[in-house]
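**Q** I would like to see how this sequence folds:
(chains A, B, C and D)
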There are 2 protein chains.
Amino acid sequence: MKISTKGRYGLTIMIELAKNYGEGPTSLKSIAQANDLSEHYLEQLIAPLRNAGLVKSIRGAYGGYILSDVPSKITAGDVIRVLEGPITPVEGIEDEEPAKRELWIRIRDAIKGVLDNTTLEDLANHRDDEEVEGYMFYI
Amino acid sequence: MKISTKGRYGLTIMIELAKNYGEGPTSLKSIAQANDLSEHYLEQLIAPLRNAGLVKSIRGAYGGYILSDVPSKITAGDVIRVLEGPITPVEGIEDEEPAKRELWIRIRDAIKGVLDNTTLEDLANHRDDEEVEGYMFYI
DNA sequence: CAAATGCCTATCAAAATACTATGAAATGAA
DNA sequence: TTCATTTCATAGTATTTTGATAGGCATTTG
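**A** Numbers count the residues shown, from 1 in each chain, chains lettered A, B, ... in the order given. Model prediction:
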C-alpha cells in the first residue's frame, strides 16, 4: 500500500523540471544535490521517464533534462504509472471475487482521481498556506 | 502501491466470518479450502486480527473463529490497518516537502474514505449485479 | 583537449513477501 | 480416557523488490 522511492523521487525530479520549465536543461546532479539524493539512483529513475516520452535529454556539458510538454499537461499519474506500474491496489482485479473486486475498483478510482487531476504545474506552484488541515490524525 | 496477500486474504477470512456470523465458530480449515489458500498461512494472518480484538477464537475440536462484533460495525479499514499498517501512500508524510505532502494526504484520505465506509456487512451481502461498470480500462 | 553531463550494465545488501514446517496445547466427541 | 480436531507459537526459507553503488563509455561545450 505504499509508493516507493521510485515514484517519490521520480516526482521530485519532475517537479524540479517543472519549476525550471522554459529555462533550458536541468542536470540530474543539481536535482540530486538540492534534494540530497543519489545521482546514480536518479539516473535509473529518469531512464523510464525518458523512454515513456515524459522528458527529453540533452547530452554533453551543460546538458540535462527538460519536460517534453508544459507542466500543466503532465500529471502525477503519468509519472507514477511509469515508475510504479498501473495504478491499482491489487494485481489482477478481474480475478477477485465480486465483493472484493468492487472494493479494489473503488480504491483504484479514488487514487486515480487524485493522481490524474494533479498536474506538475499544481505541484510546482504549490502555495504552502493552502495546506490541508488535520493531516496528522486518524490514520 | 499494492495491498499484499496479508490484507487480501485477511479480508477474505473476515468476509467468511461475516457470512457465518451468528452460526457458531468457523474453522480456518474450511475457509482455506473454500478459497484454495494455505491454512498455515491464514493462521499467521488471523493472529494479529485476534490480538487486535477483531475476532475471538474457540480452541479445540469444532472450534474456530467468530467476529467480535456485528459485521456492520467492522470496516475493511479496520482489517487492512491491522494487517498492512497505517493507511498511507508513503511513510513519514510529515517529512515531505509541502506540495508532495498535500498530494499524499489527498491520496490517503481518498483511500480512507473507501476503506472506512465499507463494512464487512457490505462485503458479505454484496449483490453481484450492482457491479461498477468499466473497471477494465484506463488503468 | 578537458570538463561536464548523459547513458548503460552489472552487482549487491537488506527488507519484504509469501509461504512451509514442526510441534505444543486445548477441547469436544466417542 | 483416548483420539481427532483445531488453535497457538515459533522458526525457517525461497523469491522478489527495494534502494542503492560501481565503473566506464558516449556526447557536447568551452
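**Q** and the helix ranked longest in chain A, what does it pack onto?
**A** In chain A, with assignment by DSSP state H, the single longest helix is helix A:98-115. The contact analysis (3 or more CB pairs under 8 Å, 6 or more residues apart in numbering or on different chains; DSSP states H and E) places helix A:98-115 against helix A:76-84, helix B:5-19, helix B:98-115, helix B:120-124. Any C-beta I mention is one placed from the backbone N, CA and C, and that applies to glycine too.
**Q** Let's have these in CSV, adding distance to residue A:17 and mean pLDDT.
**A** Formatted as CSV, the helices and strands packed on helix A:98-115 follow (distance: least, CB to CB, whole Å; pLDDT from 0 to 100):
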stretch, distance to residue A:17, mean pLDDT
helix A:76-84, 11, 97
helix B:5-19, 35, 98
helix B:98-115, 14, 96
helix B:120-124, 43, 98
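**Q** Now do stretch A:106-125: distance from first to last residue.
**A** Terminal residues of stretch A:106-125 lie 30 Å apart, using CA to CA, to the nearest Å.
**Q** Flag every buried residue along it.
**A** Within stretch A:106-125, the residues scored as buried using 16 or more other CB atoms under 10 Å in any protein chain shown are A:106-112, A:114-116, A:118-124.
**Q** can you list contacts of the longest helix of chain A?
**A** A:75-77, A:80, A:87-90, A:93-94, A:96, B:1, B:3, B:8, B:11-12, B:15, B:76, B:89, B:103, B:106-107, B:110-111, B:113-115, B:118, B:122-124, B:126, B:128, B:130-132, B:135, B:138-139 (CB atoms under 8 Å, 6 or more residues apart in numbering or on different chains).
**Q** Tell me which residue of chain A lies closest to DNA strand D.
**A** Using CB to the nearest atom of the strand, the closest approach of chain A to DNA strand D is made by residue A:60 at 2.1 Å.
**Q** Give me the secondary structure label for that residue.
**A** Three-state call for residue A:60 (DSSP: H, G, I helix; E, B strand; the rest coil): coil.
**Q** Next up, phi/psi of it, please.
**A** Per-residue torsions, residue A:60: phi 90, psi 180 (degrees, to the nearest 10).
**Q** before we move on, what about residue A:57?
**A** phi -110, psi 150.
**Q** How about the one 4 residues further on?
**A** For residue A:61, the backbone dihedrals (degrees, to the nearest 10) come out as phi -60, psi 140.
**Q** what pLDDT does it get?
**A** At residue A:61, the predicted lDDT confidence score is 96.
**Q** for residue A:44, same thing?
**A** 97.
**Q** Am I right that it is in a helix?
**A** Yes - assessed by three-state DSSP, residue A:44 belongs to a helix.
**Q** separation between it and residue B:52?
**A** 39 Å (CB to CB, to the nearest Å).
**Q** Between those two, which is the more surrounded one?
**A** residue B:52 (14 against 11; other CB atoms under 10 Å in any protein chain shown).
**Q** so who does the more buried one touch?
**A** Counted by CB under 8 Å, 6+ apart, residue B:52 has contacts B:78, B:82.
**Q** now stretch A:67-75: how far from the chain's centre is it?
**A** From the chain centre to the centre of stretch A:67-75 is a distance of 12 Å (CA atoms, centre = their mean, to the nearest Å).
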